Each structure stands twice: as structure tokens, then as C-alpha cells.
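Novice: Quick one, fold the following:
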Amino acid sequence: MNKLTRIIFGVFLIFHTNAHALETVSLQLKWTHQFQFAGYYMAKAKGFYQEVGLDVNFIEGDHSLNSVTEVLAGRANFGISGSNLLLERGAGKPLVVLGVIFQHSPYVLLMRQTSSIQSIHNLVGKRLVIEEQAEELLAYLKKEGVSPEQIKLIHLNPEAHDLIANRADAISAYVTDEPEVLDHLNIPYAIFSPRSVGIDFYGDNFFTTETEIATHPARVKAFRDATIRGWQYAMAHTDEAIELIRTEYAPYKSKTHLEYEAKVMQSLILPSSIEMGYMFEGRWRHILKTYADLNMLPADTSLENFLYAPVQQSFFNYRIIGFMVIAACVIVIIATVALRFFRLNQKLDKLLYIRNQHANLGESMDNISHQWKQPLNELGVHMMLIETMLQKNSFDDARHEIQKVVQKSHHILEFMADSIDVFRHFVSSNQRISRFDPALLILDTLQLVTENFTMESIVISHNLMKGLDIIGNTTEFSHLLLSLLVNAKDTFGERRTVNPKIHIDLIQKHNHVVLTVADNGGGIKIKPIKRIFNVGVSGKKNAESGLGLYISKKIVEEKFGGNIHAESRNGGAFFIISLPIANSQS
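Specialist: Purely as a prediction, here's the structure:
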């Protein structure tokens, strides 16, 4: 055997040995092939599973398969399921969650839209097709005061065609899937989301059993690590993933449908902000408490051994060092935020001193409290993002992302600091006025609420004419708009509005700029409507003066020389604000 032959033979042996070294394992999918499982497909296609010595077979789901049952029976090594895994664990089944894909569960209820459909309570007495492993939707119904006995429950794997063919009045669904089918067929429908009542669970968790972990710990870790890599790749290369799915797994799926699925999944997975697979024990405790409060799980259920904890690396490695560096940065950030709030408190102290001399300042203090609620919510979201980003594998990326979050947090704090000045103007003649384009300021103000409103599934649209300058205080204008937005958001929450929407228009009418803010929250209940601008008048059950519409009217009339009025129109509140254009003012 010559030298060249020996080299070729040696290379052949290497590849032959590696091929046979792969361990074959199986993953039970939750449903049929679609973008919902793109990360697993890409982990296999890009060789991530092979690199860690695994040959992963995908078992497609159908009406007759339950992923939990299949894994417990040993017919699959790994599976995908929802928050029902916690209920199964509470029943004594040795399941272990390896990681989370959806940070917000995609589960919703779909009802065919009719004029009589107003709320989830319209489901009483109706037929609901609900799939197995969708217990969080039953929790949603119970929290809304609708018991299973009041509904005709049909336990099947539902499809959009159940609504189309009138086989059901409502179905459980993934917001990533069935709505696109109904949209394509122009079938009107109503979506009811558990998130509207605070049931915001994880979704599509991949799991295994305690036995698998005890018997093959290295294999489990390898599967988890490669899966996370696959999801990172899939969400960063959605077009490539869609092409793979249509070629290898689901040729019957349209490209349009898969693109819709991928787009909606971005908002549920949050791949640019939260590490793939990340799960927080505190969030699981909240899920446990929600089930327990609804008597679906014993309150003393333990999370011990339920959440996967891979073998920790040596303390003195670059990841831990990176973590310590970022932790130090976060401490600095928190200290900075604390200092900013200290300075804000100093300003409030000065206002409290002035209060003795101005009888109406007590109202203004309530106004500040109300006006700060939304920015504080946004800061809370940002701090949660910082916490989750500390769990990332790449600390350089985490540092970059944290820097962006901190920048926006500083912007929000500046807005809150400036809000003090808004109310000081009501007891002082000093104001900072300037000429500005309201369209650009509206866009800036919307940035303050984007994360929080998105998490509440509130859609804000706008049609803004630019170049219509007005003269006034920019912070006051921002507070005016923010007050109307928060007012609508509170109404949506109280009335549990389906598909909440806000639309903002900015146009020119003669020598005035006309700003309209419309919502679909059910309209203004106060009669006569003009009373809504009075002090202490509120359409909310939990009435509070707040900045509300009283101060909004003052800002419009006294600071901008304009006028504001409200109507109930097209099933919602409709506010019309007219302000003089700059070149028409004296």
C-alpha cells in the first residue's frame, strides 16, 4: 500500500468512524412540520447536532400523539410542550424542562366574528374545540369566570377550518398560525389572548425526563446546546429556514404562510433581546401560583429538579469573568438610576413646599403620579431585559444590548424629570417655548410606550403630516399625547377590549394643525361627554384625577391657544385637538 493510498484510507476511516459514532435520538414535535420548529430543523441542517455527536430524528405530531406521553413511554428522548409541563410535574411525572423557545405563549382563542361577539363570556354555551396541552387556555377561561361546565368542550387538535365549516364556535389556536389562514380566506374573527388578564406563560418548551438526564447527562447537554444554536441561526436567517422547510419537511406549506409565522414568532421569542432557551425560575413560580390560585395545581408543588441545570464550568473561566464585568456595569447603571430618582425627589420636595401656597397643586401632584406610571412601566421592562441579557452566552453582545437599553432608560428618565417642569408651569410664568414639528415629536413620544403597549398586544398606527410647525413647550405636548394614550390603554384593560387599537392622525385644516387620537375601547360612557374634562371625573372604575383630560385641556387651551373636544365614534373614544400653525400665530 503506497503512501497516497494509506492517506485516502485513513481519511475514509475517520469519516466512517465519525458517522458510526453519532448517537441516534428522537424529538417528538408538538404538531405537524412548520416554522414553529425551525430551530430544530436548522440545528440538523447546519450540522450542529452532528458536531456534538447526535443524529436527531424528528417525529411529526398529529391528532393521536401527545408529546408528554411519547417521551414518558420512551418512544422519544425529547419533546416539545407548553406550560402544561408544570401540571404534569405536579401530578408526579418526572419531566424536566431543558429550555424555553417562546418567551410569550402563542396560545389564543379564536371565535368567528359576529355582531354579538363582545367578550370571552360570549363563549358560554358554545362549542370550543381545544387541543391537549392547552391548559393555560382553560386557566384563562377560569380567571374570566367561565367554567368548563358552561362550555361544550371538544378535545381535538383544532384547525381554522373548524370555524370555516361551522364545526365549532371557537377554537384554541397559535397566534402564529391559524389567523393567517382566516385572513387569507377573508373570514372575520375575534382573538382572545390570556395575556389580557395577566396569564403570560412560556411556550414551546423542550423537555426530557429525569431518567434521560441521569442515564445520558452529556447527551442531554449536547442536545440542548445544539438546539439553542439552531434556534439562534433560524431566527437570524428566516428566509433560509423557510426554504429548508418547504424543501425537506412541508412542501405543502406556502411561503407566505411560513413568512407570517416567522414574523409573528419574532415578537414572541424576542431573539434580539433574550437568549434562546432562557428561562427564569421566578417566572415559573408565577406560572405555578397562577395555576394554584385557580385550583389547577397544589400550592405546595415544588420546582425542584423541574428546571434543567447543566453542569457548571470552573469559576475561573471567561464566562464568569464576563458576567462579573457586566454585573459591575449593571451596579453602576442602577446607581445612576437611583441618583436620577434622588434628584427627581428633590424637585418634588420643592413642589411640596410650594403646595402650601397653591391650593390646586395637590391635584398637580396626583397628575405627576399618574403621568409617571407609563414611563415607570417602561423602565421595569428595560430592567427585566437587562436581567435576562445577563444570562447570554456572549457577554460582548450582552454588553452592547445593555448599552442600548440604558440609553433609552436615560431618555425616559429625562422625560420624567421634565414632567416636573410641566406642572411647575401651572404655578409659574416661566416657560421654555420653541417652534417644533409635532409629527416628529409624536414619533419620539411613541418610542416611550412601544415596548409596554406591544406587550399588552395594543397596536398603534398613525398617519402624520410633517412640516406643520407649532409654537409651545415640547414636553407639554408630549404629556398631552401620552395622557391620551395611557387613558386608552387603561380603558382597554378595564373593558378587556379584543384586538385593542389606537390610531393617530395629524393634518392641516385651514390655519390649524388638527391632531386626532381614536381608539376602539367602547367609547365614552360619561354624559354629557364634555364633563370628561372636569376635575375628578373619570370613566374608570378606579377613578383618579391624574393628569387626565383636565390637565390635557389646560395644556391645549392655556399653553397652545387651541381647543380640544371628545366624541364617541365607531365604537371608541375620539379626541380632536386643534392648534394654531406657527406662521399664523401672532
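Novice: Run through the stretch 151-300 of the chain and note the low-pLDDT ranges.
Specialist: The model of the stretch 151-300 of the chain has pLDDT under 70 over residues 156-157.
Novice: Would you map the helices across it?
Specialist: 160-164, 178-184, 210-215, 217-236, 238-244, 255-269, 281-293 (DSSP state H, counting those that start in this stretch).
Novice: May I see those arranged in TSV, with distance to residue 450 as well?
Specialist: All C-beta spots, glycine's among them, are computed from the backbone N, C-alpha and C. Shown next, in TSV, are these (distance: least, CB to CB, whole Å):
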stretch	distance to residue 450
helix 160-164	30
helix 178-184	22
helix 210-215	40
helix 217-236	20
helix 238-244	22
helix 255-269	12
helix 281-293	22
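Novice: quick one: which of these is nearest residue 442?
Specialist: With CB to CB, the closest approach to residue 442 among the helices of the stretch 151-300 of the chain belongs to helix 255-269: 22.7 Å.
Novice: how far does the closest one sit from the chain's center?
Specialist: Relative to its parent chain, helix 255-269 has a centroid offset of 14 Å by CA atoms, centre = their mean, to the nearest Å.
Novice: swap in stretch 72-92?
Specialist: The answer for stretch 72-92 is 25 Å, by CA atoms, centre = their mean.
Novice: quick revisit: so which of the helices of the stretch 151-300 of the chain comes closest to residue 73?
Specialist: Between residue 73 and these, the shortest separation by CB to CB is 11.7 Å, and it involves helix 210-215.
Novice: Pull the residues that contact the closest one.
Specialist: For helix 210-215, the surrounding residues in contact (CB atoms under 8 Å, 6 or more residues apart in numbering) are 77, 78, 94, 95, 96, 219, 220, 305, 308.
Novice: Swap in 6 Å and give it another go.
Specialist: Contact partners of helix 210-215, identified using CB atoms under 6 Å, 6 or more residues apart in numbering, comprise 77, 94, 96, 220.
Novice: Out of these, list just those in helices.
Specialist: If you go by DSSP state H, the contacts of helix 210-215 have residue 220 in helices.
Novice: Would you format the contacts of helix 210-215 as JSON lines with distance to residue 200 and neighbour count included?
Specialist: Shown next, in JSON lines, are these (distance: CB to CB, whole Å; neighbours: other CB atoms under 10 Å):
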{"residue": "77", "distance to residue 200": "30", "neighbour count": "23"}
{"residue": "94", "distance to residue 200": "27", "neighbour count": "16"}
{"residue": "96", "distance to residue 200": "23", "neighbour count": "19"}
{"residue": "220", "distance to residue 200": "28", "neighbour count": "22"}
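Novice: and which of the contacts of helix 210-215 is nearest residue 41?
Specialist: residue 77 (17.2 Å).
Novice: just for the protein, where's the confidence low?
Specialist: In the chain (pLDDT under 70), the answer is 1-20, 115-118, 156-157, 310-431, 451-452, 455, 535-548, 583-586.
Novice: domains for it, by residue range?
Specialist: Residue ranges for the domains of the chain, per automatic domain parsing: 3-101+203-293, 107-197, 318-427, 434-584.
Novice: Turn the ones you listed into a markdown table, including distance to residue 300.
Specialist: Below are the domains of the chain laid out as a markdown table (distance: least, CB to CB, whole Å):
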| stretch | distance to residue 300 |
| --- | --- |
| domain 3-101+203-293 | 9 |
| domain 107-197 | 18 |
| domain 318-427 | 27 |
| domain 434-584 | 31 |
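Novice: nearest to residue 299, of these?
Specialist: Using CB to CB, the domains of the chain put domain 3-101+203-293 closest to residue 299, at 4.2 Å.
Novice: who does residue 28 bridge with?
Specialist: With DSSP bridges as the criterion, residue 28 is bridged to residue 59, residue 79.
Novice: Residue 168 reaches residue 126, doesn't it?
Specialist: No - the pair residue 168 and residue 126 does not pass the contact test of CB atoms under 6 Å, sitting 8.3 Å apart.
Novice: Between those two, which is the more surrounded one?
Specialist: Comparing residue 168 with residue 126 by other CB atoms under 10 Å, the one with more neighbours is residue 168, at 24 against 13.
Novice: Contacts only, for the more buried one.
Specialist: Applying CB under 6 Å, 6+ apart, the residues contacting residue 168 are 127, 129, 162.
Novice: between the helices of the stretch 151-300 of the chain, which gets nearest to residue 492?
Specialist: helix 255-269 (18.0 Å).
Novice: Which positions in that closest one come out as buried?
Specialist: 257, 258, 260, 261, 262, 264, 265, 268, 269 (16 or more other CB atoms under 10 Å).
Novice: Please list all residues in contact with the first one.
Specialist: With contacts taken as CB under 6 Å, 6+ apart, residue 257 has the following neighbours: residue 180.
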